[in-house]
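# I need the structure of the sequence given here:
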Amino acid sequence: MMRRDLLKASLVASAATLFSRSGGGLAAAGQNPFRETTGLTKYVAQFVLNTKYENIPSDVLALGKKSILDGFGLALAGSLAESGPISRKYLQSLDVCNGKSTIIGCALKSAPRFAAFTNGISIHADDFDDTQLAVAKDRVYGLLTHPTAPVLPPSFAIAELGNVSGKDFLLAYHLGVEVETKLAEASSPRHYEDGFHSTGTFGTLGSATACAKMRAFPLEKILTTYGIAASEASGLRENFGTMTKPFHAGHAAEGGVVAADLASLGWTAAPRILEAPRGFFHAYSGTFDPSAIMSKLGNPWTFAAPGISLKPYPSGSLTHPAMTALLRLIQKYNIAPADVDKIDVGTNHNMPNALIHHKPQTGLQAKFSMEFCLSVLLLERKAVLSQFTDAYVRRPEVQDMIRRINFSVDPVAEKAGFDKMTSLITVHLKDGRTLKDQADFAKGSPADPMTFEEATAKFRGCAEYAEWPQSKTEKIIDFIKALESVPDVSVLSPLLSSGNA
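Down below sits the predicted model:
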């Protein structure tokens, strides 16, 4: 049996065990494990329809504001990525730069769908955006869904049309994040393992949720919006390390707007798209755990438990625990690059399955290279946006250090469960000493969260990287701090716009 088949067989077996424990009652071994269920899409739509701002706990609202501020900062920084000017040139070629929604970081305006598309790309361009955690141990860290990139851009783009309060904006954003993360939690690990990028797939449904709420849709139109959005959901992990990875986030953000636009005009779609035998979960995941969704939306909110991580470094989140552990060792023992003979880093098998660039040659590849991310810490004791460039990656001293990093699967990390990112670091020094450390999560995770002040510092760093005026930077921070009291979110628009296209 080929390795791929063995992996798929083991995943199906583990999923069956998990779902059996949770009351899923999967079919006997050898039969189609897809769980027949009813009412799932309607339950999600009713939750979106009936939830009010007052139903969201204050601690969840506070966590959401950190991610919103983070997202706007990343949109500013990401507008400078190579994908930024290409995205803007694309919109100009379509002659669609005549709307009211801001293309963040420049002077262009467009229709909500195109603003959502471009800003979603910018938020995810540097792979510096927030990340979902998982509840179940086989869920591959929440299937690595980046919640804010697909949901914040459409929420803001529609709010810019006018007369949307901060409370209504927060409500739509939180509903979008809650639905996309709970759907991701319910999905079989096969979804991610077989190559889907969950930010592109579940993010489309998160965007659709926010758009439907922003437009105050009745139940039938929410169901239709989901039916359309599910057919738009896409994204393949083979594109990690290229501009097409952030395209997934932009496409998801745009997809929700398109779905809501069409639903508002009377378009039709299947009303039970999530649970149907030919619907979303069956096609994209093979099977799923409905008990991870039913009665779980807002109970608790994902922002509260298991939580959502803010990234301390502009790279794939799977690199961050190892980076955390290595930096501790570097600082504790004052390790210099010349002191290092080699470094062994061990993780579970899902991490090299995503961190696929072992000999990176570009800045985008470096974001998905454990070897590069550890190397920059050894060389400079920091990992910042300016290091993730083609020129920096190709420096001789960087390439030399990369060759000293051995990245492999470790049985201890494998046993720890895929809801963690357990990483074991062993530094072999030239003087014969061996130094070790281990981390399950990184700074910014719910286990070691960023304060609002720390999130603000990250935002200022992104704005400074984008050469954004300091006066605008501070006004954006003050605006988000008081977002729930803002009568019209469109007041934020000029603070995120420049005089240059």
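# give me the distance between V151 and A252.
9 Å (Cβ to Cβ, to the nearest Å). Where you see a C-beta, it was placed from the backbone N, CA and C, and this is true even at glycine.
# any common contacting residues for those two?
Taking Cβ atoms under 8 Å, 6 or more residues apart in numbering as the criterion, V151 and A252 both touch G203, G206, S207.
# can you give me the strands for the protein?
Chain-ordered strands for the chain, with DSSP state E as the definition, fall at 101-102, 109-110, 131-132, 308-309, 340-347, 405-409, 423-429, 434-439.
# can you give the strand pairings for the fourth one, parallel or anti for each?
Each strand pairing with strand 308-309, determined using DSSP bridges, is listed with its direction: strand 131-132 (antiparallel).
# that older thread, can you tell me which of the shared contacts of V151 and A252 end up in helices?
G203, G206, S207 (DSSP state H).
# make a markdown table out of the residues you listed and add distance to L91 and neighbour count.
Compiled in a markdown table, these are given as follows (distance: Cβ to Cβ, whole Å; neighbours: other Cβ atoms under 10 Å):
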| residue | distance to L91 | neighbour count |
| --- | --- | --- |
| G203 | 20 | 36 |
| G206 | 23 | 34 |
| S207 | 18 | 37 |
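# for T302, give me its contacts.
Q132, P147, V177, E178, T181, K182, E185, I308.
# and the fourth one, how far from T41?
Read that as E178. From E178 to T41 the distance is 15 Å (Cβ to Cβ).
# wait, which of the ones in helices among the shared contacts of V151 and A252 is closest to H349?
Distances from H349 to these, taken as Cβ to Cβ, are shortest for G203 (24.9 Å).
# so who does that closest one touch?
T145, H146, P147, A149, P150, V151, E180, A233, H248, A249, A252, A253.
# wait, doesn't the third one sit right on I123?
No. With contacts counted by Cβ atoms under 8 Å, P147 stays clear of I123, the gap being 10.8 Å.
# more crowded one of those two?
I123 (33 against 29; other Cβ atoms under 10 Å).
# show me the contacts for the closest residue to A111 other than its chain neighbours.
Leaving aside its sequence neighbours, A111 sits nearest to G99 (Cβ to Cβ, 6 or more residues apart in numbering; 4.1 Å). Contacts for G99 were tallied using Cβ under 8 Å, 6+ apart; they are K109, S110, A111, P112, F114, A115.
# out of those residues, who has the most neighbours?
A115 (30 neighbours).
# which residue packs closest to that residue, ignoring adjacent ones?
S101 (3.5 Å).
# now G105
Nearest to G105 is S79, by Cβ to Cβ, 6+ apart, at 3.0 Å.
# let me know how buried the one you found is, in neighbour terms.
26.
# so how far is L385 from it?
Relative to L385, and taking Cβ to Cβ, S79 is found at 12 Å.
# who touches both of the two?
Counting by Cβ under 8 Å, 6+ apart, nothing touches both S79 and L385.
# center of this protein - which residue?
Residue closest to the mean C-alpha point of the chain, counted by Cα atoms, centre = their mean, is H146 at 0.9 Å.
# tell me the pLDDT of that one.
We have a pLDDT of 95 for H146.
# could you verify my assumption that it touches A125?
No. Using Cβ under 8 Å, H146 is not in contact with A125, being 11.6 Å away.
# re the thing from before, reformat the ones in helices among the shared contacts of V151 and A252 as TSV; add pLDDT.
Output for those, formatted as TSV (pLDDT from 0 to 100):
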residue	pLDDT
G203	98
G206	98
S207	98
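# nearest spatial neighbour of K213, chain-adjacent residues omitted?
In space, K213 is closest to A172, 4.3 Å off (Cβ to Cβ, 6+ apart).
# any idea how far N353 is from that neighbour?
34 Å.
# of these two, who's got more company?
Using other Cβ under 10 Å as the criterion, A172 and N353 rank with A172 on top: 28 against 17.
# can you count the residues close to the closest residue to A442 other than its chain neighbours?
Of all residues beyond its chain neighbours, the one nearest A442 is H320 (3.4 Å), with distances taken as Cβ to Cβ, 6+ apart. By other Cβ under 10 Å, 25 other residues sit near H320.
# G241 too?
22.
# can you check the one 3 residues further on too?
Burial measure for T244: 18 neighbouring residues, criterion other Cβ under 10 Å.
# if we can go back for a sec, distance to H358 added to the ones in helices among the shared contacts of V151 and A252, as CSV?
Shown next, in CSV, are these (distance: Cβ to Cβ, whole Å):
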residue, distance to H358
G203, 28
G206, 32
S207, 34
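# related to what we said a few turns ago, tell me the most packed of the contacts of T302, by neighbour count.
Counting by other Cβ under 10 Å, top hit in the contacts of T302: V177 with 31 neighbours.
# hang on, Y333 packs against D437?
No. In this structure, Y333 is not within contact of D437 by Cβ under 8 Å, at 10.2 Å.
# neighbour count: these two, which is higher?
Higher neighbour count among Y333 and D437: D437, with 18 against 13, using other Cβ under 10 Å.
# show me the helices in the stretch 1-150 of the chain, by range?
Here the stretch 1-150 of the chain has its helices, by DSSP state H, counting those that start in this stretch, at 3-21, 40-50, 58-78, 83-94, 112-125, 140-143, 148-159.
# so of the ones you listed, which one's packed in deepest?
helix 148-159 (a mean of 33; mean count of other Cβ atoms under 10 Å).
# check the offset of that one from the chain's centre.
14 Å (Cα atoms, centre = their mean, to the nearest Å).
# what's it packed up against?
For helix 148-159, the packing partners by 3 or more Cβ pairs under 8 Å, 6 or more residues apart in numbering; DSSP states H and E come out as helix 58-78, strand 101-102, helix 112-125, helix 166-186, helix 198-214, helix 244-264.
# adding distance to Y226, write the ones you listed out as CSV.
Converted to CSV, these look like this (distance: least, Cβ to Cβ, whole Å):
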stretch, distance to Y226
helix 58-78, 22
strand 101-102, 23
helix 112-125, 17
helix 166-186, 9
helix 198-214, 6
helix 244-264, 8
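# what about H357, how many neighbours?
Counted with other Cβ under 10 Å, H357 comes out at 20.
# quick one, what contacts the residue sitting furthest away from the middle of the chain?
Within the chain, the residue lying farthest from the chain centre (Cα atoms, centre = their mean) is D431, at 41.4 Å. Going by Cβ under 8 Å, 6+ apart, D431 touches D339.
# which stretches of the stretch 151-300 of the chain have low pLDDT?
Within the stretch 151-300 of the chain, no range satisfies pLDDT under 70.
# how much space between L326 and G346?
In terms of Cβ to Cβ, L326 sits 13 Å off from G346.
# ok, A260 next?
Taken as Cβ to Cβ, the span from A260 to G346 is 45 Å.
# for those two, indicate the residue with more neighbours.
A260 (31 against 21).
# who's in contact with that one?
A208, C211, A212, M214, R215, F217, T225.
# would you agree the last one is in contact with A263?
Yes. T225 is within contact range of A263, at 4.5 Å (criterion: Cβ under 8 Å).
# these two: who's more crowded?
T225 (32 against 26).
# who are the neighbours in contact with the more buried one?
Applying Cβ under 8 Å, 6+ apart, the residues contacting T225 are A208, C211, A212, F217, G256, A259, A260, A263, A269.
# run a quick neighbour tally on the fourth one.
Right, F217. 20.
# dump the residue contacts of it.
Contacts of F217 (Cβ under 8 Å, 6+ apart): L49, T225, A260, A263, S264.
# for E467, see how far away the closest residue to the first one other than its chain neighbours is.
Setting aside the residues directly before and after it, L49 is nearest to L219 in space (Cβ to Cβ, 6+ apart), at 5.4 Å. The gap separating L219 from E467 is 47 Å, by Cβ to Cβ.
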